[in-house]
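*Asks:* for reference, the sequence and a predicted model appear below.
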Amino acid sequence: MGKFHIALKKILTGPDNSLDIRNIKYLPRWVVLLIDIGLVAVSTVLTILILLDLSSFQYQLLSFVEKTILILAVNIVFFYVFKTYAGIIRYSSNIDALKLLLATISSFFALLVLNFLVELVFGEKIFLIGGLLINLWISFSLLFLFRLGVKQVYEYFKIIQKQDSLINAVIIGVDENAISIAGALDIEHPRRFKIVGFLTQNSHKSLRILDKPVLQHTERIHKEVKSLGANAIIFSENAFTPEEKFKIVEDCLENDIAVYNAPLVSSWKEDQPLGSEIKTLQIEDLLERDPIQLEVQNKIDQLTGKTILVTGAAGSIGSEIVRQVAEYNPKHLILLDQAETPLHNLQLEIESKFQDLDFEAIICDVSNQMRLERMFKNRQIDVVYHAAAYKHVPLMENNPHEAIFVNIKGTKNLADLAVKYGVGHFVMVSTDKAVNPTNVMGASKRSAEMYVQSLYHEQVKQGWGNTKFITTRFGNVLGSNGSVVPLFKEQIEKGGPVTITHPDIIRYFMTIPEACQLVLEAGAMGKGGEIFVFDMGEPVKIMDLAIKMIKLAGYQPNKHIKVRITGLRPGEKLYEELLNDECKTLPTHHKKIMIGQDVVRNYEVVNEKIEKIIKSADKLKNDKVVAKLKDLIPEFKSNNSLYERLDNAPELNRD
């Protein structure tokens, strides 16, 4: 009994050891079942007393105790059938009441049938029919009132919680998900939100839900929110376009109204209070656009039953390509990367998620031509997705030879081997930094683009092979390694400052799944030699992005979280481009995917200059490397970099 009392005390007392019924999370199912059985026993006793008071006549086939045991046994069976004890009592609803009614009515009819069967066999009934009806009424009433009483007692204790600690919020939407969220938030403990109303896009005059007003919201939603006495909104539906949601959030943030996202009811975690699952709106929710609808059949034809190589497989882009390719049931999937631990982690993930997939993980640097040669020779590769690259601008500015080894030499190795061993499609992942590059990283990626383009046309002209070389070019990817969004999140969590290189810097953004969809679609639709670019919507000003993220986190910029301007990094420019001045675009079957028609350079010239660049990198002569990059790419003009002096030093281009 001592252990029982200790456990009971832990359940009932709060942090200050005070007795508080609100500290009970829920009654165990067996406790609810025992209480229900006790209530049925009470109802049976009351029924017997009522019958004895009305008439002295009773059937004598079973004693009162035996009759009570029989009634309890039948009720227990139907409690189990309808799971009347399974719900959380303080959340009891009409469904729970219906289950109780069905269980008690089923028990009544079962006892009624048993009564007539016994009469047929023994010539005497067990129960008076009127007694069974009285017992049905009393049992249901007691069971229902027990749940109603617990719910009301819990509501009473909940109301006395300090109201000033709650967030007054309105829910956006009036669908089933919104109503369920409001109901659950109203009865949970400890409470985090006080729901004061609903806002909807449609007009609902004098409508109330859960005894809360429903208002139609306008573009200036803060007025309706303030009129309801709220200081926060909770999104509960996905009926808004990203543009509409962005306007609502912008209006709220400008007027100091917090913004939250609620999960779908189907995704609620049973062991977590709903309030903890309602998160502040993330910036990704605002930057995401309408999902791209792409053809599936062309990718089935491209990937199903084929041997696929993904380079840079452990990176943020490469790993998502792997996940998406795995869905198409390839014959064999090769994951290649030089990063041991990330590749190992990806291997474990793929083994878990795609248990029937035939795949292998290979540790290899793409600049290792001999290692790559052996791999291509021993495997009949059909498609290559080339995502391996060094991408951090400041690091590559300080280590240009490494950018050459991986981004240029690695691409050249893979492209040459793809032609040699008859690969069908070679899809290269590029970047908007390759357009009019101002840094070594962008220039190295532009060199790689030029090489695969010129190689495609040369192999077709010379009859070497028929590998289709396709390039995909896109901007910053949300959530990728080195992306500004996770950096800002980390800085905000640490209390700031949030660092921005320049107040006017702008960038395009897309999500990782979007980027990888584009890569797969390009590989399927490409005929060879194209550079595919993606309509990424409007560019985002990084300063605005930082301020919105700070406000979404519940802070005031430069009051709670400082914003610090650090100055442009070496090689960084204020804005990125997806096309250069010489490039025209052609439409494709998808309105958001275009083909950039860059000028195709002569293969022999490009190849010769790239060989010289690689030779200079082998000698670790950084000035020579960058100078030769500028010779290959005339539009490469260094910005905020020590290599700016090379823009007017053509003599360094000599061997």
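*Replies:* Done, it's in. Numbering: from 1, shown residues only.

*Asks:* helices or strands next to the lengthiest helix in the chain in the packing?
*Replies:* Secondary structure of the chain per DSSP state H: the longest helix is helix 129-159. Helices and strands touching helix 129-159, by 3 or more CB pairs under 8 Å, 6 or more residues apart in numbering; DSSP states H and E, are helix 29-54, helix 94-122, helix 176-187. Any C-beta I mention is one placed from the backbone N, CA and C, and that applies to glycine too.

*Asks:* which of the ones you listed sits most buried?
*Replies:* Between the helices and strands packed on helix 129-159, helix 176-187 has the highest mean count of neighbours, a mean of 19, where neighbours are mean count of other CB atoms under 10 Å.

*Asks:* count the residues that sit near Gly315.
*Replies:* Counted with other CB atoms under 10 Å, the neighbours of Gly315 add up to 24.

*Asks:* let me see the contact set for the residue lying closest to it once chain neighbours are set aside.
*Replies:* Computed as CB to CB, 6 or more residues apart in numbering, the closest residue to Gly315 that is not its neighbour in sequence is Ala387, at 6.1 Å. Counting by CB atoms under 8 Å, 6 or more residues apart in numbering, Ala387 touches 310-313, 315, 317-318, 321, 429, 519.

*Asks:* same question, Ile593
*Replies:* 518, 521-522, 525, 532-535.

*Asks:* again, only this time at 7 Å
*Replies:* Each residue near Ile593 by CB atoms under 7 Å, 6 or more residues apart in numbering is listed here: 518, 521, 532, 534.

*Asks:* so the third one touches Ile595, yeah?
*Replies:* Which is Phe532. Yes - with contact defined as CB atoms under 7 Å, Phe532 reaches Ile595; the gap is 6.1 Å.

*Asks:* quick one: which of those two has more around it?
*Replies:* Between Phe532 and Ile595, Phe532 has the larger neighbour count (other CB under 10 Å), namely 24 against 21.

*Asks:* nearest to Glu449, of the helices and strands packed on helix 129-159?
*Replies:* Glu449 lies closest, by CB to CB, to one member of these: helix 176-187, at 46.1 Å.

*Asks:* what's in contact with the next helix or strand after that closest one?
*Replies:* Next helix or strand after helix 176-187 toward the C-terminus (DSSP states H and E): strand 193-200. Applying CB under 7 Å, 6+ apart, the external contacts of strand 193-200 come out as 166-174, 178, 182, 185-186, 209, 212-217, 221, 224, 228-230, 275.

*Asks:* and the residues you listed, which are buried?
*Replies:* For these, a burial check counting by 16 or more other CB atoms under 10 Å picks out 166-174, 178, 182, 185-186, 209, 212-215, 217, 221, 224, 228, 230, 275.

*Asks:* about what we covered before: of the contacts of Ile593, which belong to helices?
*Replies:* 518, 521.

*Asks:* would a markdown table of the contacts of Ile593 with distance to Lys461 be doable?
*Replies:* Shown next, in a markdown table, are these (distance: CB to CB, whole Å):
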| residue | distance to Lys461 |
| --- | --- |
| Leu518 | 29 |
| Glu521 | 27 |
| Phe532 | 23 |
| Phe534 | 29 |
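
*Asks:* which of the contacts of Ile593 sits closest to Glu254?
*Replies:* Distances from Glu254 to the contacts of Ile593, taken by CB to CB, are shortest for Phe534, at 30.8 Å.

*Asks:* that's a helix at Gly528, yeah?
*Replies:* No - judged by DSSP: H, G, I helix; E, B strand; the rest coil, Gly528 forms no part of a helix; its state is coil.

*Asks:* would you mind measuring from Gly475 to Ile408?
*Replies:* To Ile408, Gly475 is 21 Å away according to CB to CB, to the nearest Å.

*Asks:* name the residue most distant from the centre of this structure?
*Replies:* Relative to the centre of the chain, the most outlying C-alpha is that of Ser56, 70.3 Å out, by CA atoms, centre = their mean.

*Asks:* and that one, what pLDDT?
*Replies:* In this model, Ser56 is scored at 72, pLDDT.

*Asks:* three-state assignment of it?
*Replies:* Ser56 ends up coil, using three-state DSSP.

*Asks:* all numbers from here: first residue = 41
*Replies:* Yep, numbering from 41; the last one is Ser96 now.

*Asks:* phi, psi for it please.
*Replies:* phi -80, psi -10 (degrees, to the nearest 10).

*Asks:* returning to that earlier point: out of the contacts of Ala427, who's nearest Gly171?
*Replies:* Top of the list for closeness to Gly171, among these and by CB to CB, is Ile361 at 72.7 Å.

*Asks:* do you know the pLDDT at that closest one?
*Replies:* Here the pLDDT value assigned to Ile361 is 94.

*Asks:* chain center to whichever strand or helix holds it, what's the gap?
*Replies:* Per DSSP H and E, Ile361 falls inside helix 356-366. Helix 356-366 sits 16 Å away from the centroid of its parent chain (CA atoms, centre = their mean, to the nearest Å).

*Asks:* check which element follows that helix along the chain.
*Replies:* Following helix 356-366 in sequence, per DSSP H and E, is strand 372-377.

*Asks:* what's the angle between that following strand and helix 356-366?
*Replies:* Angle, strand 372-377 to helix 356-366, by axes from the mean of the first three to the mean of the last three CA atoms, to 10 degrees: 170 degrees.

*Asks:* got the angle between the next helix or strand after strand 372-377 and strand 372-377?
*Replies:* For strand 372-377, the following helix or strand on the C-terminal side (DSSP H and E) is helix 380-393. Relative orientation of helix 380-393 versus strand 372-377 (the same axes, to 10 degrees): 150 degrees.

*Asks:* quick one: contacts of helix 380-393?
*Replies:* 353-354, 359, 362, 366, 375, 377, 397, 399, 401, 403.

*Asks:* equivalent analysis for stretch 178-192, please.
*Replies:* Contact with stretch 178-192 is made by 75-76, 79-80, 82-83, 86-87, 129-130, 132, 136-137, 140-141, 144, as judged by CB under 7 Å, 6+ apart.

*Asks:* list just the nearest of the residues you listed to Leu608.
*Replies:* Relative to Leu608, and with distances defined as CB to CB, the nearest of the contacts of stretch 178-192 is Arg130, at 57.6 Å.

*Asks:* tell me the confidence at the closest one?
*Replies:* pLDDT, read off for Arg130, is 61.

*Asks:* for the helix holding Ile361, list every residue counted as buried.
*Replies:* For helix 356-366, a neighbour-count test (16+ other CB under 10 Å) marks 356-366 as buried.

*Asks:* just stretch 397-406 next, same as before
*Replies:* In stretch 397-406, counting by 16+ other CB under 10 Å, buried: 397, 399, 401-402, 404-406.

*Asks:* and that stretch, average pLDDT?
*Replies:* Mean predicted confidence for stretch 397-406 is 95.

*Asks:* which one of Gly515 and Ile448 has more residues nearby?
*Replies:* Set Gly515 next to Ile448 and count neighbours by other CB under 10 Å: Ile448 wins out with 27 against 20.

*Asks:* verify the stated contact: that one with Ile653.
*Replies:* Yes - Ile448 is within contact range of Ile653, at 6.5 Å (criterion: CB under 7 Å).

*Asks:* ok so, going back, ok, the residue farthest from the centre of the chain - contacts?
*Replies:* With contact set as CB under 7 Å, 6+ apart, Ser96 has no partners.

*Asks:* count of residues packed around Glu578?
*Replies:* So Glu578, with other CB under 10 Å, has 10 neighbours.

*Asks:* helix/strand/coil for it?
*Replies:* coil.

*Asks:* now the one 10 residues further on
*Replies:* Following three-state DSSP, we place Lys588 in the helix state.

*Asks:* what number of residues lie near it?
*Replies:* Residues near Lys588, counting by other CB under 10 Å, number 21.

*Asks:* ok, now how distant is it from Tyr643?
*Replies:* Lys588 is 47 Å from Tyr643, by CB to CB.

*Asks:* next one: Leu151
*Replies:* Where Tyr643 is concerned, Leu151 sits at a distance of 92 Å (CB to CB).

*Asks:* can you check Ile601 too?
*Replies:* Using CB to CB, Ile601 is found at 52 Å from Tyr643.
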